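Enquirer: Quick one: sequence plus predicted model below, questions after.
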Amino acid sequence: MRADLLVLGAGAKAAAIAAKVHAINELGYGPVSVTIVEGNEPAASWLGLNGMTSGEETLAIPPIKDVGFPYESGRAFGELGDEIDEAMLSFSWAAFLIGGRRYARWVNAELPSVRHRDYGMYLAWVHSRASTGVRHVRGRVTTIAIDGGGWAVDVVTPEGERLREAGAALLLTGSGVHRELPHDPAVGGRLLHCDDFRGDVAAAIPADRRSEVAIVGGGEGALATVLFLRQARPAARMTVHTPELPMSRGEGFLENRVFADPDSVGWDGLDLATRRDFIARCDRGVFGPDGLLQIAFDEHLRFVTGRVTRVGPDPDRRGVRLESATGDGPRADRYDFVINCTGFDVLAQVRELFGEDVRATMEAQAGPVFGARGPDEELRFGRGLEIAGLEPRLHIPGLANLSQGPGFANLGCLGLMADRVLAPVLHGAGRGAQGATVPATSTTAAT
């Protein structure tokens with residue numbers, strides 16, 4: 001059977017999709033079907049078991065921005081929206097806490113921030129309850145192909161069984177894999193990465209002596225690494241190398257409004273420089289306020305501005321030499337370890353899964369997807385967060401933020417993300433009960 005949508009990864013975005021599909025089907029506005037393929041358990045990256053965090057880090061956003069937020073489905077589904085939003089309340093963060101008899105305690109504590117582990121438990125709870133029209137497949141994806149006008153993925157289960165799952169459209173989730181930092185192979189295990197298992201990072205850095213650690217990057221990944229190391233290796237002296245000093249994440253009403261409602265500022269009509277500047281100021285290269293409070297009085301943490309150009313062995317071969325270009329000229333520093341937190345390549349994890357023929361088809365229709373683009377070029381996405389011009393639809397919310405809105409690459413508007421992805425499914429099939437209509441999708445945002 002071919003699902004309406006194939007989703008790779010069972011994290012936050014998949015949970016929002018699953019909950020909305022369940023609500024649509026339960027209300028009789030389907031049928032809509034989704035298959036979610038995940039190599040580990042749902043929400044694995046958040047629970048601290050199989051992901052890039054320990055689970056103890058503080059969530060960068062308030063959890064009330066849950067899988068239904070911002071609860072404005074009428075924009076995508078017209079008159080069906082109010083009923084869908086009401087149904088989505090059963091998957092809300094509040095409903096999760098109420099079910100565990102913890103809601104009053106959280107509210108009375110003045111809505112404190114929560115850990116990644118707590119948020120992961122919430123996402124796992126959503127996945128366990130969103131069942132109507134939703135199917136989970138556990139296994140490792142080995143190949144992604146275009147087949148019969150849709151997508152097909154080959155999957156190997158933990159038991160070694162080989163499956164082929166098909167979908168009319170495909171959605172890729174996850175942050176991808178770390179971007180490479182230019183380095184000499186001789187640095188070996190002294191160059192670590194932000195997406196390494198936290199236990200592996202702690203195991204590499206000795207606990208019985210003080211280590212000098214460089215953290216390259218200025219975003220939330222770098223901050224999470226600083227906070228983790230301060231707990232796991234309290235004697236470590238850390239230096240954060242960033243092109244520019246990291247700023248505090250903007251949490252004003254305007255920034256939050258743009259994350260939840262990019263149409264309110266006509267996002268896709270803004271020029272490229274303005275969109276890039278907003279993302280740089282409010283999402284990338286910024287530290288969350290809660291995290292900043294934890295490092296504000298850390299006497300063993302310093303910042304160096306400059307762009308790291310190479311990591312190699314130091315002369316005594318007992319550490320690493322980090323070279324960087326700064327405003328004052330070239331600079332070299334010695335460290336015991338370097339942790340690469342420069343960001344992630346969303347497509348890297350699936351680039352090899354697409355066969356050469358598939359990659360050629362994609363680039364013939366949509367232009368450069370995997371290759372380099374000029375500084376004034378961008379990979380364009382449609383309103384459904386799909387690569388513009390490509391058939392069958394390939395949705396990549398993690399890359400659609402520049403084209404469609406900054407919240408789609410993170411947790412800022414999970415409900416809106418699900419609306420945008422699922423609207424073409426309902427509209428294309430003419431679905432909707434009792435004469436209700438679904439508005440046609442458009443590549444032009446309302447302003």
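Expert: All right, it came through fine.

Enquirer: Dump stretch 161-171 to CSV, restricted to CA.
Expert: C-alpha atoms of stretch 161-171 as CSV (Å, rounded to 0.1, in the frame of the first residue of the first chain):
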residue,chain,number,x,y,z
GLU,A,161,13.9,-8.2,7.4
ARG,A,162,13.9,-6.1,4.2
LEU,A,163,10.9,-3.9,3.5
ARG,A,164,9.9,-1.4,0.8
GLU,A,165,7.7,1.4,1.9
ALA,A,166,5.9,3.7,-0.6
GLY,A,167,4.4,7.1,-0.4
ALA,A,168,2.9,9.7,-2.7
ALA,A,169,5.1,12.4,-0.9
LEU,A,170,8.2,12.2,1.3
LEU,A,171,9.1,14.3,4.3
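
Enquirer: May I see the buried residues of it?
Expert: Glu165, Ala166, Gly167, Ala168, Ala169, Leu170, Leu171 (16 or more other Cβ atoms under 10 Å). All C-beta atoms are positioned from the backbone trio N, CA, C, and that covers glycine.

Enquirer: give the contact list for the second one.
Expert: With contact set as Cβ atoms under 8 Å, 6 or more residues apart in numbering, Ala166 has these partners: Met1, Arg2, Ala3, Leu6, Asp147, Gly148, Gly150, Trp151, Ala152.

Enquirer: Domain boundaries for this protein, per the record?
Expert: 2-176+346-428, 178-246+285-340 (automatic domain parsing).

Enquirer: Nearest approach to Arg257 belongs to which of those?
Expert: Across these, Arg257 has its closest neighbour in domain 2-176+346-428 (9.5 Å, Cβ to Cβ).

Enquirer: And the domains of the chain, which one averages the lowest pLDDT?
Expert: The weakest mean pLDDT among these belongs to domain 178-246+285-340, with a mean of 86.

Enquirer: most tightly surrounded among the domains of the chain?
Expert: domain 2-176+346-428 (a mean of 19; mean count of other Cβ atoms under 10 Å).

Enquirer: what about it, distance to the chain center?
Expert: Distance of domain 2-176+346-428 from its chain centroid, counting by Cα atoms, centre = their mean, to the nearest Å, is 9 Å.

Enquirer: Adding secondary structure and distance to Asp328, write the contacts of Ala166 out as a markdown table.
Expert: Shown next, in a markdown table, are the contacts of Ala166 (DSSP: H, G, I helix; E, B strand; the rest coil; distance: Cβ to Cβ, whole Å):
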| residue | secondary structure | distance to Asp328 |
| --- | --- | --- |
| Met1 | coil | 63 |
| Arg2 | strand | 59 |
| Ala3 | strand | 56 |
| Leu6 | strand | 51 |
| Asp147 | strand | 56 |
| Gly148 | coil | 59 |
| Gly150 | strand | 55 |
| Trp151 | strand | 51 |
| Ala152 | strand | 54 |
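
Enquirer: Among those, which one lies nearest to Arg117?
Expert: Leu6 (28.1 Å).

Enquirer: Surely that closest one touches Thr173?
Expert: No: Leu6 sits out of contact with Thr173 when judged by Cβ atoms under 8 Å, with a separation of 11.1 Å.

Enquirer: Quick one: distance of stretch 323-330 to the chain centre.
Expert: The answer for stretch 323-330 is 32 Å, by Cα atoms, centre = their mean.

Enquirer: How about stretch 299-315?
Expert: Centroid separation for stretch 299-315 versus its chain: 27 Å, with Cα atoms, centre = their mean.

Enquirer: who's in contact with it?
Expert: Under Cβ under 8 Å, 6+ apart, the answer for stretch 299-315 is 181-184, 186-187, 191, 216, 226, 236-246, 295, 319-327, 331, 333-334, 338, 342.

Enquirer: re earlier: between the contacts of Ala166, which is nearest Gly367?
Expert: Distance to Gly367 across those (Cβ to Cβ) is lowest for Trp151, with 19.7 Å.

Enquirer: In helices, which of the contacts of stretch 299-315 fall?
Expert: Val226, Ile295 (DSSP state H).

Enquirer: The contacts of stretch 299-315 in strands, which ones?
Expert: Taking DSSP state E, the ones among the contacts of stretch 299-315 that sit in strands are 191, 216, 237-242, 320-326, 331, 333-334, 338.

Enquirer: Please name the residues that touch the closest residue to Asn410 other than its chain neighbours.
Expert: Once flanking residues are discounted, Asn410 sits nearest to Asp283: 6.6 Å by Cβ to Cβ, 6 or more residues apart in numbering. By Cβ under 8 Å, 6+ apart, the residues touching Asp283 are Arg249, Asn401, Pro406, Ala409, Asn410.

Enquirer: Report the two of those separated the most.
Expert: Arg249 and Asn401 (14.9 Å).

Enquirer: how far away is the residue located most distally from the centre of the chain from Arg334?
Expert: What lies farthest from the middle of the chain is Asp316; by Cα atoms, centre = their mean that is 39.8 Å. Asp316 sits 9 Å away from Arg334, going by Cβ to Cβ, to the nearest Å.

Enquirer: Over to Leu254?
Expert: 44 Å.

Enquirer: Out of the domains of the chain, flag the one nearest Ala273.
Expert: domain 2-176+346-428 (9.1 Å).

Enquirer: need the contact list for the spatially closest residue to Thr53 that is not a sequence neighbour.
Expert: Nearest non-adjacent residue to Thr53, counting by Cβ to Cβ, 6+ apart: His116, 4.9 Å away. Contacts for His116 were tallied using Cβ under 8 Å, 6+ apart; they are Trp46, Leu47, Gly48, Thr53, Ser54, Gly55, Glu56, Glu57, Thr58, Leu59.
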